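> return atomic coordinates for the entry below.
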Amino acid sequence: MHRRVFFALLRRRWALLAVLLGTVLLLLPTPAGLTLQGYRILIIVIVAVILWVTEAIPLPAVAFLIAAAQVLFVDKAPNDVVQSFFGDAVFFIMGALMLAVALVRQRVDRRIAFALTRISGPKTKWIAFTILAISGVMASFIADHTVAALMLPVALALVQASGEDEAGKQRLAKLLLFCVAYGCAAGGVGTPSGGARNIIMVGYWEQLFDTQVGYATWMKFAYPIVLIQIPAAFAIVWFGLRPKREELTAAVTALREDVAEEGHMGVRQWAAVGIFVATLVTWIAAGRTLGLGVIAVLGASCYLIFGLVEWSDYNSGVNWGVVLVYAAAISLGGAMKETGAAEWVAVTTLEQLAAIGIKGGIALLAVFSLVTLLFTNIMSDGATVAVVAPILLEMAGRAGLHPVVAGLVVAISSAFAYLTVFGTPPSMIVYGSGHLRTTDFVRLGWRMAIMSIVVLLLTAKLYWPHLAVPQAGM
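Presented below is the predicted three-dimensional model:
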């Protein structure tokens, strides 16, 4: 009996540590300049991150606890908390996972996967690189969540057709899914249309500094980073998750046989492709007005209306726990902004760094990148830019840094949400497949974070000074 209790406590040691830490922090006085509600939200964030990263308890349970904690400790109204859990971004994640299920149901994923292998050949290395590179290039021009929703079933189709045992499939799945997620992260910084975070920064430049940064100008500054990060990210993923099998000949053969057996695409498959393309076009054309989430669930509903999927397919194929975790992360991010906790952390950090002599130049840009990286791993990337950009841009102006240079560092760094699953939609989408654990993100993520920061700062130091920076009124 005592032994069972001991081992039960041992399994939950991180949960006990998180609760103990949270209790101690609650008993300490509120830091100067921070509201009581803001302090308590920071405590909830710290405890939640520990529980999420260690998976000490099931992740959906952490999401429920976040909702309860906001009511119990931050005095938020229950209805307000519930509403903060179900914004458009949450609908988007839910809809994107449904779209992936629908493509799999109609076996469109296998046809796309076979077409991809005809480009890469059967070698596992080149299949993985092709997935990462295509994801990166597409995410430069199409929102990264769209690319992830399309590439997820393609990667899983290759895994299922690989002929590996369960352990081999699991490792191969991790490799290909991280290629999708990191390809989207690497490419999404290349153009203004690569993500909402970029558009938010363009808006800040116009509103706060009367400076317009065009599409081509953004690409001139940022796209070299994309071209460097794609092979660098692949090297990190490949050597971190290199599978035993050097070739996926069995997968290529199985896909070819499946495609040949099915013959030409039927009406139902063309209808499935048509609904996805229509959803994609609507995301691009009307995403800002209709909302990405509304469009996503509308597309998912069309599959039901036309009988291409059954609700049971969605019910069994969508990881609803992932949707709940993402909702909780967004709720926490909004609470940090509302209570002033996010601003307090950013300002306090920068003041402390200024006190030790970091006041400008590449050192301050490095601080901007690190602060943004910290926030983007506990909030969504778009929310991070919305919260920290005005503060950091003001600091940049006082330090004599050009707002466009500082803003690019912040916007690009907001894509470095490698350490947690909820920083960017692509990470949540691939995590929703059920093949990844939160600890997988940490194991690869710290290497990706170091690589990305080094590439960004070297580019800012060696390349950007040779470019003409847009001026106010231009």
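> which non-adjacent residue is nearest the residue nearest the centre of the chain?
Centroid-nearest residue in the chain, with C-alpha atoms, centre = their mean: residue 424, separated by 1.7 Å. By the measure of C-beta to C-beta, 6 or more residues apart in numbering, the closest residue to residue 424 outside its immediate chain neighbours is residue 417, 4.8 Å from it. Where C-beta positions appear, they are placed from N, C-alpha and C, glycine not excepted.
> element containing the residue lying closest to residue 230 once chain neighbours are set aside?
Nearest-residue entry for residue 230: residue 136, 4.8 Å, with adjacent residues in sequence omitted and distances by C-beta to C-beta, 6+ apart. Remark: residue 136 resides in helix 124-141, with elements defined by DSSP states H and E.
> immediately after that helix, which helix or strand?
Tracing the chain past helix 124-141, the next element assigned as helix or strand by DSSP H and E is helix 144-160.
> which strands or helices does the next helix or strand along the chain from that next one pack on?
Sequence-wise, the next helix or strand beyond helix 144-160 is helix 166-187, with elements assigned using DSSP H and E. Taking 3 or more C-beta pairs under 8 Å, 6 or more residues apart in numbering; DSSP states H and E as contact, the helices and strands that helix 166-187 lies on are helix 124-141, helix 144-160, helix 215-241, helix 425-431, helix 438-462.
> quick one: average pLDDT of helix 166-187?
Averaged across helix 166-187, pLDDT comes to 89.
> how far off centre is that helix?
Averaging C-alpha coordinates over helix 166-187 and over its chain gives two centres that are 14 Å apart (C-alpha atoms, centre = their mean, to the nearest Å).
> rewinding a little: got the angle for the helix holding residue 136 vs helix 215-241?
150 degrees (axes from the mean of the first three to the mean of the last three C-alpha atoms, to 10 degrees).
> you'd agree residue 84 is up against residue 330?
Yes. Residue 84 sits in contact with residue 330 when judged by C-beta atoms under 8 Å, with a separation of 7.1 Å.
> dump the residue contacts of the residue nearest to residue 230.
Residues counted as contacts of residue 136 (C-beta atoms under 8 Å, 6 or more residues apart in numbering) are 183, 184, 186, 187, 226, 229, 230.
> how about residue 134?
In this structure, residue 134 makes contact with 116, 151, 183, judged by C-beta under 8 Å, 6+ apart.
> try it again at 10 Å.
116, 119, 120, 147, 150, 151, 154, 179, 180, 183, 187 (C-beta atoms under 10 Å, 6 or more residues apart in numbering).
> buried ones only from the residues you listed, please, as a PyMOL command.
To isolate the buried members of these in PyMOL, using 16 or more other C-beta atoms under 10 Å:
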select buried, resi 116+120+147+150+151+154+179+180+183+187
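> return the closest of the contacts of residue 134 with respect to residue 88.
When those are compared for distance to residue 88 (C-beta to C-beta), residue 147 wins out at 18.8 Å.
> surely the closest one meets residue 138?
Yes. Checked against C-beta atoms under 10 Å, the pair residue 147 and residue 138 is within contact range at 4.6 Å.
> what do these two both touch?
Taking C-beta under 10 Å, 6+ apart as the criterion, residue 147 and residue 138 both touch 183, 184, 187, 188, 194.
> now the residues you listed as CSV including distance to residue 370?
Rendered in CSV, the data for those read as follows (distance: C-beta to C-beta, whole Å):
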residue, distance to residue 370
183, 24
184, 22
187, 22
188, 20
194, 22
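> show me which of those is closest to residue 66.
Distance from residue 66 was checked for each of the shared contacts of residue 147 and residue 138 by C-beta to C-beta. The minimum falls on residue 184, at 25.9 Å.
> to what extent is the closest one buried, counted in neighbours?
For residue 184, the count of nearby residues is 32 (other C-beta atoms under 10 Å).
> re earlier: for the helices and strands packed on helix 166-187, give me JSON lines that also has mean pLDDT and distance to residue 468.
What follows is the helices and strands packed on helix 166-187, written out as JSON lines (pLDDT from 0 to 100; distance: least, C-beta to C-beta, whole Å):
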{"stretch": "helix 124-141", "mean pLDDT": "87", "distance to residue 468": "22"}
{"stretch": "helix 144-160", "mean pLDDT": "80", "distance to residue 468": "28"}
{"stretch": "helix 215-241", "mean pLDDT": "92", "distance to residue 468": "9"}
{"stretch": "helix 425-431", "mean pLDDT": "85", "distance to residue 468": "33"}
{"stretch": "helix 438-462", "mean pLDDT": "93", "distance to residue 468": "15"}
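> looking at those, which is buried most?
Mean neighbour count (mean count of other C-beta atoms under 10 Å) peaks for helix 425-431 among those, with a mean of 28.
> which elements pack onto that one?
Other elements packing on helix 425-431 under the criterion 3 or more C-beta pairs under 10 Å, 6 or more residues apart in numbering; DSSP states H and E are helix 88-105, helix 144-160, helix 166-187, helix 320-339, helix 381-399, helix 438-462.
> how far away from the center of its chain is it?
Offset of helix 425-431 from its chain centre (C-alpha atoms, centre = their mean): 6 Å.
> next: stretch 244-254.
Using C-alpha atoms, centre = their mean, the offset of stretch 244-254 from its chain centre is 29 Å.
> contact partners of it?
So stretch 244-254 is contacted by 110, 113-114, 117-118, 120-128, 157-164, 167-168, 171-172, 176, 255 (C-beta under 10 Å, 6+ apart).
> again, only this time at 8 Å
Residues from elsewhere that reach stretch 244-254 (C-beta under 8 Å, 6+ apart): 114, 117, 122-125, 127, 158, 161-164, 168, 171-172.
> flag every buried residue along it.
Within stretch 244-254, the residues that qualify as buried by neighbour count (16+ other C-beta under 10 Å) are 245, 248, 249, 251, 252, 254.
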